[in-house]
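Chemist: Sharing a model prediction with you, sequence too.
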Amino acid sequence: MKKKAWISLLAIVMALILLMGFLFALGNLKQGYAREGRQQLEDALRRAAVACYAAEGIYPPTLDYLVEHYGVQINEERYTVFYEVFADNLMPEITVLEKES
């Protein structure tokens, strides 16, 4: 009888370990998607800024100009974008941060 109790206990412990591993992997996957989304937005903003420079000879003066004229969409509930312009002929500093959920 004791042997069956140990086997049952061992099975429960193994199931819990597997469940914890699955939840940990799921959490890592979610973090990876969040990083990827932030990076894709930052890359899209940089590409649009370069396209503006190629078409107009200057980098976009503001983030709003970039969004309005080059169709970049920003989920403002999810991301904060810092867009700093130094000069018309220098690539702006673009930083995208994910807001806390």
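Modeler: Done, it's in.
Chemist: now the strands: where do they sit in this structure?
Modeler: Listed in chain order, the strands found in the chain under DSSP state E are 79-84, 93-98.
Chemist: between these, which one is nearest to L45?
Modeler: When the strands of the chain are compared by C-beta to C-beta, strand 93-98 sits nearest L45, at 5.0 Å. C-beta: built from backbone N, CA, C; applies to glycine.
Chemist: Which residues belonging to that closest one are considered buried?
Modeler: Residues I94, V96 are the ones in strand 93-98 that count as buried (16 or more other C-beta atoms under 10 Å).
Chemist: re earlier: figure out which of the strands of the chain is closest to N28.
Modeler: strand 93-98 (15.8 Å).
Chemist: what is the mean pLDDT for that closest one?
Modeler: Averaged over strand 93-98, pLDDT sits at 92.
Chemist: which other helices and strands contact the lengthiest helix in the chain?
Modeler: Longest helix in the chain by number of residues (criterion: DSSP state H): helix 2-56. Contacts defined by 3 or more C-beta pairs under 8 Å, 6 or more residues apart in numbering; DSSP states H and E place helix 2-56 against helix 63-70, strand 79-84, strand 93-98.
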